[in-house]
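Chemist: show me the folded form of this:
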Amino acid sequence: MKNNSDKSLYRILDANFNRVKEGLRVCEDLCRYGWDQKTLTRAFKDIRHEVTRIIAVLDIQKALEARHIQGDVGRETSVSESKRKNISAVFWANCQRVKESLRVLEDVTKLIDVRVSIRLKALRYKVYALEQKAIGSC
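Modeler: Model (predicted):
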């Protein structure tokens, strides 16, 4: 790492890359096992794999090296994250997590490669549409 700024940048990328992939997996599994929605399941899976391909152009090793779990000041779970009313609420919460993380990745990758940022923005809009479709059909 060149300096603390680079390390901070890659910590942000690492946390949000993990968060977006985890949220997409939850959405995918809820569509698959909770609602038997083949098309939605495939769409969330495709986006999850696309995120992996997009992020692969970045130096993911730097992100792993920057990871500092023990020193993460925001690691505690909030009360609102500990309660969900039903499967739809779990789905909705994870869609929000995915969109927020894609936005962070989109903004931060502008500092590294604007083409990556543009691809992430396109995925964020795909998630907006998928969320709407899923909420309307499940």
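Chemist: residue nearest the centroid of this structure?
Modeler: Val20 (1.1 Å; CA atoms, centre = their mean).
Chemist: mind checking how far that residue is from Lys83?
Modeler: 23 Å (CB to CB, to the nearest Å). All C-beta atoms are positioned from the backbone trio N, CA, C, and that covers glycine.
Chemist: can you check Ala122 too?
Modeler: 33 Å.
Chemist: returning to that earlier point: now for the closest residue to the residue nearest to the centre of the chain other than its chain neighbours: which residues touch it?
Modeler: In space, and not counting its chain neighbours, Val20 is closest to Ser101: 3.9 Å by CB to CB, 6 or more residues apart in numbering. Shown in contact with Ser101 (CB atoms under 8 Å, 6 or more residues apart in numbering): 16-17, 19-20, 23.
Chemist: which of these lies closest to Ala93?
Modeler: Distance to Ala93 across the contacts of Ser101 (CB to CB) is lowest for Gly23, with 8.5 Å.
Chemist: I'd say the closest one and Val98 touch.
Modeler: Yes: using CB atoms under 8 Å, Gly23 is in contact with Val98, at 4.0 Å.
Chemist: about what we covered before: ok, Ala122 and Lys83, which is more surrounded?
Modeler: Using other CB atoms under 10 Å, the more surrounded residue of Ala122 and Lys83 is Ala122, with 13 against 8.
Chemist: check which residues of the one helix or strand that one maps to are buried.
Modeler: Per DSSP states H and E: Ala122 is located in helix 114-137. Applying a neighbour-count criterion of 16 or more other CB atoms under 10 Å, one finds 116-117, 119-121, 123-124, 126-127, 130-131, 134 buried in helix 114-137.
Chemist: contacting residues around stretch 85-92?
Modeler: 26-27, 30-31, 34-35, 84, 131, 134-135, 138.
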